[in-house]
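> Following is a predicted model, sequence given first.
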Amino acid sequence: MSSLRCDAYAASRPQAGRAVNEDAFLILRGDPTVAALCDGAGHAERAARRALRLFERLVKDVPSSDLGLFTTWSSWVKLLDSALLGGAESTFLAAAILDGRLVGACVGDSRAYQLSREGELRLLSEGAAKARLGSGECRPFPLHVALAAGDWVLLLSDGAWAPLGMARLRAVLAAGLARDAADLPGSILDAAGRGGRGDDMTAVALRLRG
């Protein structure tokens, strides 16, 4: 089990003028903490939620030690890809906090970031393939990084990260961390939507504590 405790927060908003949010997220609090984000395309409200429902069952059916193996995450991505084949597609970004590490997988253009306690912002999912779940062409990108108390992990759909860029996201995080930590995902979405919410947007934030 992890020696680090994890606080988890999230916020999600639909595209301006639309009632249906095609993003979906999942947080399983405990030891380990598991978080996931899906951004669907075309009826993806169903596709994203369907993927997360299946993922939740998969996580609950394995011992926590298996979460540290990329073979586990790779096999899950293949199952999810097959489950959505022929229908609406979805990104998939999921991770667990396990034994002082972040472990997980990324499919599509949602992004994972690490914000260190020193304020260094690092993109963890750079190099992930764009093919989504349901395409039959998924190549899961591994997430594996050591974490320390005071670090943050961010999972963002493209509606949240694309309007910001690294420099602006870093500034938003610096300002947001000066306030209540639980408000950080909302602060990210406020900044991303300042020019108008042109897409659904979701932010999941995990804070590591000793």
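Here it is on my side, so go on. Treat the numbers as computed from the prediction; the structure is a model and nothing was measured.

> what about residue 208, how many neighbours?
Look at residue 208: counted by other CB atoms under 10 Å, it has 22 neighbours. Where C-beta positions appear, they are placed from N, C-alpha and C, glycine not excepted.

> Tell me who's in contact with it.
4-6, 97, 147-153 (CB atoms under 8 Å, 6 or more residues apart in numbering).

> any idea which of those residues is closest to residue 207?
residue 152 (5.5 Å; CB to CB).

> quick one: low-confidence ranges for this protein?
Applying pLDDT under 70 to the chain picks out residues 1-3, 42-45.

> Please, where are all the helices along it?
44-60, 70-84, 158-161, 165-176, 184-192 (DSSP state H).

> Go through stretch 7-17 and flag the buried ones.
8-15 (16 or more other CB atoms under 10 Å).

> Could you measure from residue 47 over to residue 40?
4 Å (CB to CB, to the nearest Å).

> With residue 186 instead?
According to CB to CB, residue 186 stands 22 Å off from residue 40.

> ok, the two, which is more surrounded?
residue 40 (29 against 19).

> for this structure, what spans make up the strands?
5-13, 23-28, 33-41, 89-90, 92-98, 101-107, 111-115, 121-123, 141-146, 152-156, 201-209 (DSSP state E).

> residue closest to the middle of the chain?
Of all residues in the chain, the one closest to the mean position by CA atoms, centre = their mean is residue 155, 3.2 Å from it.

> for it, which residues make a bridge with it?
residue 112, residue 204 (DSSP bridges).

> Can you give me every residue that contacts it?
25, 35-37, 93, 95, 110-112, 202-206.

> same question, residue 113
121-124, 153-154, 156, 169.

> What distance do you get for it to residue 170?
For residue 113 relative to residue 170 (CB to CB), the value is 10 Å.

> wait, which of the contacts of residue 113 is closest to residue 101?
residue 153 (10.8 Å).

> quick one: the residue lying closest to residue 166 once chain neighbours are set aside from residue 201, how far?
Nearest residue to residue 166, sequence neighbours excluded (CB to CB, 6 or more residues apart in numbering): residue 121, at 6.4 Å. Distance of residue 121 to residue 201, computed by CB to CB: 18 Å.
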